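Chemist: only the shape, not the letters, is given here:
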């Protein structure tokens, strides 16, 4: 396979979209966290406290998805620069790290989604029991 500046640019646009999705996810969780804190302060319900602990974990995970996404983005930019100055071998290694950072970001995002589902199940238990 021939490595050219086109290779990292394909990942470049995907990273941008993922970072936008992560930011939207953060804003939604932050808003829900504020709502549940108000609910807990007025009701002292155990379910709200469970949700708040899930939100705390989810916010940490979202932070790391964003950190690894940004690192992937930076490595992609460095890779493009290295390709421009004809340092193809180094650019290939940097691109590999960019892919690893993106994969890490996606795995952390998956874990966050699974925790989100647990939180939804807590809410569903209130209705079904």
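Modeler: Looks like it came in fine. No experiment lies behind these values; they were computed from the predicted model shown. Residues are numbered from 1 along each chain as shown.
Chemist: point out the other helices and strands that the longest helix anywhere in the chain packs with.
Modeler: As assigned by DSSP state H, the longest helix anywhere in the chain is helix 88-128. Under the contact criterion of 3 or more C-beta pairs under 8 Å, 6 or more residues apart in numbering; DSSP states H and E, helix 88-128 touches helix 6-43, helix 46-84. C-beta here means a position set from N, CA and C on the backbone, and glycine is covered the same way.
Chemist: among those, which is the most enclosed?
Modeler: helix 46-84 (a mean of 18; mean count of other C-beta atoms under 10 Å).
Chemist: and that one, what does it pack onto?
Modeler: Using 3+ C-beta pairs under 8 Å, 6+ apart, helix 46-84 is in contact with helix 6-43, helix 88-128.
Chemist: over to residue 86. Which of the three states is it?
Modeler: For residue 86, the secondary structure call by DSSP: H, G, I helix; E, B strand; the rest coil comes out as coil.
Chemist: for residue 90, the count of nearby residues, please.
Modeler: For residue 90, the count of nearby residues is 13 (other C-beta atoms under 10 Å).
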